[in-house]
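Asker: give me coordinates for this.
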Amino acid sequence: MADDTLETAVKGARIDLLGLVLKTGSLMVVTLGLYSFWARTRLRRWLWSSVRPGGMPLEYTGQPLEKLIGFFVAAVLLVFYVGLVMMLILFASLNLTGDTTPGFIAALALILPLYFIAQYRGRRYLVNHTSWRGLTFSMEPGAFGYMWRAFLYYGLAIASLGLLLPLATFRLRKFMVDRTWFGDQPFFQSGRFTMLYAAYLPFLVFGLATIGLPAAASFNGTPGNLGWLFITVPGMVFGWIYYRVASFRMLMSETLYSGGTELEIHPRTGKIIKIHLLGNLIIFLILSILVPILVAMLFAIFGALGASLPSQDILTEEFSLGALFNLPEWIILASTILIYFSFFVLRAQFKHVFVTFPMLRHAAETLLVHDASVIAATRRGADHHMADADGLAGFFDFGGGI
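Answerer: So this is what the prediction gives:
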């Protein structure tokens, strides 16, 4: 290992992360989600500090109140956008065509700009609130530029039947990277989109086979044999996962800092798949035990308060399960809401422990920073603070973890 190459270590035990997510998850349930802004902040601080390039931990500087403000800003925007604009489109479609289908399609298409804007802003917020070695990362504004480029490049990908998807991947990644700074020095995305085709080929072949074979059979008027779907569909899924992992590895390895420092990373597709499968299996087993216990506890607690059971005790053996349906409606409704909410909160929290953190650890431990001597000359750069955080990204589930 060269003297000016930095390795990345990952510190932190999953048992500590489990304790954190159980504590914050419980507070989220008790506060009906209000604590989620504080929970997300504490989670990010833990995850960021666990990643240590060159032995120095990353630091997350975002604040809970920023996320709360961002949530309300995004909520007002979405209420206006969805509640007014989309309803006007559906109304116009019904009057002009007598059918709401064209209006529904147009309304969904109008959500895409918000999706791409949220994608850029979510990444920008995370970058702008990350520091290392006392210096802050930053990302320039550009959400609207990213949005129209996403429409252009994904439109070309669709028009080319997927052939130009690597172009979209590369150009959108480059748009983000070229606007990212560490201190007073910029990052630069080098390379060409054609380098991604080696990773994209398996998905392209299996995808075209999945779509093209039944289309050809239908065109020829012959009955199709669906047996090949058992090969092409899994192949397409694996091909997509492989493309996501391999393209990330290639693009990261072509990322330059200050014209000299190079990044190198080697996540493995098989390891990523294993983490997802094993992690989700563990989550399923845990929830299959916890949820019935939670259901019993909630009905026992609320049932003990039930005025409709004056002569029966919820905890006695004389109590029948059928008597639960005689509980007041507010008890049944409150229990159902808490069970539903608790399930999704627990599932999301456990995912951080058994999927997110193992993936982060696997990728980070393969990260190398070459020619790191350039970093020593880096000075403090301009701050691009976002007071309203990434509220819009939260609605599209971008900002929950990494």
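Asker: buried stuff in stretch 144-155?
Answerer: 146-147, 149-150, 153-154 (16 or more other CB atoms under 10 Å). The C-beta positions use only the backbone N, C-alpha and C, and glycine is treated the same way.
Asker: now those residues in JSON lines, with secondary structure, distance to residue 92 and pLDDT?
Answerer: Below are the buried residues of stretch 144-155 laid out as JSON lines (DSSP: H, G, I helix; E, B strand; the rest coil; distance: CB to CB, whole Å; pLDDT from 0 to 100):
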{"residue": "146", "secondary structure": "helix", "distance to residue 92": "29", "pLDDT": "97"}
{"residue": "147", "secondary structure": "helix", "distance to residue 92": "24", "pLDDT": "95"}
{"residue": "149", "secondary structure": "helix", "distance to residue 92": "29", "pLDDT": "97"}
{"residue": "150", "secondary structure": "helix", "distance to residue 92": "26", "pLDDT": "97"}
{"residue": "153", "secondary structure": "helix", "distance to residue 92": "30", "pLDDT": "98"}
{"residue": "154", "secondary structure": "helix", "distance to residue 92": "26", "pLDDT": "96"}
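Asker: kindly indicate which of the residues you listed lies nearest residue 75.
Answerer: Nearest to residue 75 among the buried residues of stretch 144-155, counting by CB to CB, is residue 147 at 20.3 Å.
Asker: tell me the contacts of the residue nearest to the closest one when sequence neighbours are not counted?
Answerer: Setting aside the residues directly before and after it, residue 147 is nearest to residue 116 in space (CB to CB, 6 or more residues apart in numbering), at 4.2 Å. Residues in contact with residue 116 (CB atoms under 8 Å, 6 or more residues apart in numbering) are 143, 146-147, 150-151.
Asker: part of a helix, is residue 116?
Answerer: Yes: with DSSP: H, G, I helix; E, B strand; the rest coil as the criterion, residue 116 is assigned to a helix.
Asker: pLDDT wise, what is it at?
Answerer: With respect to pLDDT, residue 116 scores 92.
Asker: could you shift the numbering so residue one becomes 37, and keep it that way?
Answerer: Sure thing, new numbering starts at 37, so read that last one as residue 152.
Asker: and it, how close does it get to residue 288?
Answerer: In this view, residue 152 and residue 288 are 22 Å apart by CB to CB, to the nearest Å.
Asker: residue contacts, residue 95?
Answerer: Residue 95 touches 81, 84-85, 166-168, counting by CB under 8 Å, 6+ apart.
Asker: tell me the SS of it?
Answerer: Once three-state DSSP is applied, residue 95 turns out strand.
Asker: who's it bridged to?
Answerer: Applying DSSP bridges to residue 95 yields these beta-bridge partners: residue 167.
Asker: just give the number of residues close to residue 93.
Answerer: Neighbour count of residue 93, defined by other CB atoms under 10 Å: 16.
Asker: separation between it and residue 395?
Answerer: Residue 93 is 19 Å from residue 395, by CB to CB.
Asker: burial measure for residue 263, as a count.
Answerer: Residue 263 is flanked by 7 other residues according to other CB under 10 Å.
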